[in-house]
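Chemist: Got a predicted model here, sequence first, then my questions.
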Amino acid sequence: MRPCPALDGSLAGLCRHNILVDRILQHPAARPVGHGCTQVMSNAETFLYFAYGSNMLTRRLRERTPSARVVGSATLAGHELRWHKVSKDGSAKCDIVVAKAAQACVHGVVFEIAVADKPALDIAEGIGMGYKGCEVEVRTANGALSAWTYRATNIDPLARPYPWYKALVVAGAKEHGLPAAYVAALEAVVTREDPKPERAAQNALLVALPLRDQAAAAAASGQFRPAA
């Protein structure tokens, strides 16, 4: 596999369908999004998004961004997954943090999403209210990609996720075939009961759809292949 050309000291490379920052800023659809980050575009009308929590589940993400199309599974090197982001519902949500162990990585899924859906994604993720957006480099089976994602700004190490949220994360990991050991680690996370049963029931409906139907829906959307 031919490596991607070097971009700068913070990114190892840039693959096809990603546009250099200066070119992005020249496009009328592009805009800075705060915290020193710039939106990552795959072309003039879409951007690449790295999901590592409940948004890995295609059906979940498409409720928020109907245009979402699966690129494929990916890993974020040098990071680890934490369940400590304080949510407005009182529970913990996922976050990515820099790991001390060099071999550590976070598994997730890259999606291609229409720029028109970006505001809805920011609202759903609570950008400016517990999450901030940033650019990361992830590795796929076909090479490196620069993608948009979210990091937590409000954390509590003692916070625990609700069972339905963990179930969404696990379902997304299984849908996209993430490593069995990684899925097992997700399943082992300790939870606490949601005090609102109706909310738990509503979110459980997303998990109830058979995984084969989720995978078929993802496949029907088409697959994106970066340059090798």
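Modeler: Looks like it arrived, so ask away.
Chemist: give the contact list for the spatially most central residue of the chain.
Modeler: When C-alpha atoms, centre = their mean is applied to the chain, the residue found nearest the centroid is residue 51 (1.1 Å). Listed by C-beta atoms under 8 Å, 6 or more residues apart in numbering, the contact partners of residue 51 are 61, 108-111, 149, 172. Every C-beta, even on glycine, is put in place using the N, C-alpha and C of the backbone.
Chemist: and the two most separated of those?
Modeler: With distances taken as C-beta to C-beta, the most widely separated pair in these is 149 and 172, at 14.4 Å.
Chemist: okay, these two: which has more neighbours?
Modeler: Neighbours were counted for residue 149 and for residue 172 using other C-beta atoms under 10 Å; residue 172 has more, 29 against 25.
Chemist: Test my guess that that one contacts residue 52.
Modeler: No - at 9.1 Å, residue 172 does not count as touching residue 52 under the criterion of C-beta atoms under 8 Å.
Chemist: who touches both of the two?
Modeler: residue 109.
Chemist: In the chain, mark out all the strands, start to finish.
Modeler: 46-51, 69-77, 79-86, 92-98, 105-114, 131-140, 143-152 (DSSP state E).
Chemist: any idea of the angle the first one forms with strand 69-77?
Modeler: Angular relation of strand 46-51 and strand 69-77 on a 0 to 180 degree scale: 50 degrees, by axes from the mean of the first three to the mean of the last three C-alpha atoms, to 10 degrees.
Chemist: what's the average pLDDT for strand 46-51?
Modeler: Strand 46-51 comes out with an average pLDDT of 97.
Chemist: Many thanks, we can stop here.
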